[in-house]
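Undergrad: Whatever this is, show me its structure:
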Amino acid sequence: MNRVSSSQGAISIFLLTIMLFVSGCGAEKTPHEVFLEGKTMGTTYHIKYFADDKSVDATKLQQQIDTQLKAVNQSMSTYIPDSEINTFNKLPANQVMPISEDFRAVVSESIRLGKSTKTLDVTMGPLIDLWGFGPDKKPTKRPSDEALAAMIEKIGVDKLNLTEQGLAKTVDGLELSFSATAKGYGIDKVAQLLESQNISNYMVEIGGELRIGGEKPNNQDWKIAIEQPDAPPGERKVHRVLAPGTNGIATSGDYRIFYKMDGETYTHLIDPVTGMPIKHDLVSVTVLHPSAMTADGLATALTVMGMDDAKAYAEKHDLPVYLMAKSDKGIVTYASTAFKPYL
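TA: Okay, here's the model as predicted:
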């Protein structure tokens, strides 16, 4: 079953475009600069790296990348009927399913983030269905309070049982969706593959999420741009440029995807605690983390939290986070203590 739970791609594709422009400005062209691109996970990927020599065959490397990403997609895509995640979603309660290393890595981190943040829940599929979300769909009727309360009791990462033998659910009907972490994991896998080939200076992007390693030639930093969220319709402007270092980078926000129903404005993100679409002033969250998967999940979780709770969580966990929120005077920003060195 297909899930929709994040607008990160809509924001971060622009981030990538600006990044490619900025990173190319002033840099010496070398014969060892390589650019690869392709399709994966219903979107595109772009990879740029600088090699010390030509011992790595770029064509063979891309074949390895495609094979690796195909395996991740086969494991975690809800669009593939016989994927690993769909197989699990069809199982009854208390039946243990052996899982691949890739699946284990993503579900383990998703459970950890879910317990830590309370706002990232990879089991929210049935709740999303209750609201009527799906590809190109918008809810037409607000679920009743009774229906929401009943559904909330049936979801949650606490109802997943991960053991050495595999994964099980403790209630019937529980379904997984890794839309907030799978792309980031794919990026991490590609980065690991590059590093195994002694490629340490690279940029990997899938669907707008990024991971950067090392530097460009001449010890130049890679640079990316965060989008201005209140730019006029049809325009995209740079809010600020930063040097993220060797990190994964994820941006999430609600300012481009929303809908109205019964006179109320709703975003596409749902708070698993209340069962309701979020309604607050936080419009953009950028997270840096060594793991693109973790950055991906945290960006979604912090967006759901709202400005005050996101600030508190970032400081408590020493996370590099940049927040933007709407106010009567325009956009207000916040850079966590750990984020400021990257500005």
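Undergrad: in the longest helix along the chain, what counts as buried?
TA: In the chain, ranked by residue count with DSSP state H as the criterion, the top helix is helix 58-76. Along helix 58-76, the positions that meet the burial threshold by neighbour count (16 or more other C-beta atoms under 10 Å) are 61, 62, 65, 68, 69, 72, 73, 75, 76. Where C-beta positions appear, they are placed from N, C-alpha and C, glycine not excepted.
Undergrad: Stretch 143-157 now?
TA: Buried residues in stretch 143-157 (16+ other C-beta under 10 Å): 143, 148, 151, 152, 155, 156, 157.
Undergrad: shouldn't residue 172 be in contact with residue 94?
TA: No - because the distance of 9.2 Å does not satisfy C-beta atoms under 8 Å, residue 172 is recorded as not touching residue 94.
Undergrad: before we move on, back to that, could you dump the buried residues of helix 58-76 to CSV with distance to residue 86 and pLDDT?
TA: Formatted as CSV, the buried residues of helix 58-76 follow (distance: C-beta to C-beta, whole Å; pLDDT from 0 to 100):
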residue, distance to residue 86, pLDDT
61, 30, 97
62, 28, 98
65, 24, 98
68, 20, 97
69, 18, 98
72, 14, 97
73, 12, 96
75, 10, 98
76, 10, 97
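Undergrad: Of these, just say which sits nearest to residue 115.
TA: Distance to residue 115 across the buried residues of helix 58-76 (C-beta to C-beta) is lowest for residue 76, with 20.2 Å.
Undergrad: The closest one contacts residue 85, doesn't it?
TA: Yes - contact between residue 76 and residue 85 holds when scored by C-beta under 8 Å: they sit 5.3 Å apart.
Undergrad: Mutual contacts of these two, please.
TA: Taking C-beta atoms under 8 Å, 6 or more residues apart in numbering as the contact definition, residue 76 and residue 85 share the neighbouring residues 103, 178.
Undergrad: so after the worst-scoring helix or strand of the chain on mean pLDDT, what's the next helix or strand?
TA: One helix or strand of the chain scores below all others by mean pLDDT, DSSP states H and E: helix 8-24, with a mean of 46. The element immediately downstream of helix 8-24 (helix or strand, assigned by DSSP states H and E) is strand 33-40.
Undergrad: my read: residue 77 touches residue 89, true?
TA: No - under the criterion of C-beta under 8 Å, residue 77 lies out of contact with residue 89, with a separation of 11.8 Å.
Undergrad: Poorly predicted segments of the stretch 51-200 of the chain, please.
TA: Per-residue confidence of the stretch 51-200 of the chain (counting by pLDDT under 70) places the weak regions at 134-140.
Undergrad: could you pull out the helices for it?
TA: 58-76, 84-89, 101-117, 125-131, 145-152, 182-196 (DSSP state H, counting those that start in this stretch).
Undergrad: Residues in contact with the longest one: which ones?
TA: Around helix 58-76, the neighbours that count as contacts under C-beta under 8 Å, 6+ apart are 34, 36, 38, 40-41, 45, 47, 80, 83-85, 100, 102-103, 106, 178, 182, 185-186, 189-190, 193-194, 197, 206.
Undergrad: Residue 295 contacts residue 247, doesn't it?
TA: Yes - with contacts counted by C-beta under 8 Å, residue 295 reaches residue 247, the gap being 7.3 Å.
Undergrad: and the two? which has more neighbours close in?
TA: Taking residue 295 and residue 247 together and counting by other C-beta atoms under 10 Å, residue 295 has the greater number of neighbours (30 against 20).
Undergrad: could you measure that one against residue 322, distance?
TA: When C-beta to C-beta, to the nearest Å is applied, the distance between residue 295 and residue 322 equals 12 Å.
Undergrad: Buried subset of the contacts of helix 58-76 as a PyMOL selection?
TA: PyMOL command restricting those to the buried ones, with burial defined by 16+ other C-beta under 10 Å:
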select buried, resi 34+36+40+41+45+47+83+84+85+102+103+106+178+182+185+186+189+190+193+194+206
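Undergrad: looking at the helices of the stretch 51-200 of the chain, which is closest to residue 313?
TA: Nearest to residue 313, of all the helices of the stretch 51-200 of the chain, is helix 101-117, at 6.8 Å by C-beta to C-beta.
Undergrad: With distance to residue 223 as new columns, can the buried residues of helix 58-76 be given to me in CSV?
TA: As requested, those are exported to CSV (distance: C-beta to C-beta, whole Å):
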residue, distance to residue 223
61, 25
62, 25
65, 24
68, 27
69, 26
72, 28
73, 30
75, 33
76, 31
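Undergrad: List just the nearest of those to residue 303.
TA: Within these, proximity to residue 303 (C-beta to C-beta) peaks at residue 76, which comes in at 21.2 Å.
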